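Undergrad: structure here, sequence nowhere to be found:
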């Protein structure tokens, strides 16, 4: 988890971005992070993912972390992308 958080911090400090970093081995761990000015609530994204795929976690609008998700990583990535794109579109 520390490695995922460090990568997320580096990515969001270097550019205006929202990132979701996911471990590849079940049970899946993940980090959701955003740069200042990005209108995505990282904790809301995490809560929706854990609601759908199990697990638990929490955080702030800027950085959230969780674990114990039971779906394959590619399914979680697809769902995370859809949630973030929906948020950015304002839906």
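TA: Here it is on my side, so go on. The model shown is predicted, which means the values in this text are computed figures rather than measured ones.
Undergrad: contact partners of the longest helix along the chain?
TA: Assignment by DSSP state H gives helix 73-89 as the longest helix of the chain. Helix 73-89 is touched from outside by 18, 20, 22-24, 28, 30, 32, 39-41, 44-45, 48-49, 52-53, 69, with contacts defined as C-beta atoms under 8 Å, 6 or more residues apart in numbering. Every residue, glycine included, has its C-beta placed from N, CA and C.
Undergrad: repeat that for 10 Å
TA: The contact list for helix 73-89 (C-beta atoms under 10 Å, 6 or more residues apart in numbering) reads 18-26, 28, 30, 32, 34, 38-42, 44-46, 48-50, 52-53, 55, 69-72, 91.
Undergrad: what average pLDDT does that helix get?
TA: Mean pLDDT, computed over helix 73-89, is 92.
Undergrad: what about the residue nearest to the spatial centre of the chain, distance to residue 68?
TA: For the chain, residue 32 is the residue whose C-alpha lies nearest the centre (C-alpha atoms, centre = their mean; 2.7 Å). Residue 32 sits 15 Å away from residue 68, going by C-beta to C-beta, to the nearest Å.
Undergrad: tell me the buried residues in the longest helix of the chain?
TA: Using 16 or more other C-beta atoms under 10 Å as the test for burial, helix 73-89 gives 76, 77, 79, 80, 83, 84, 87.
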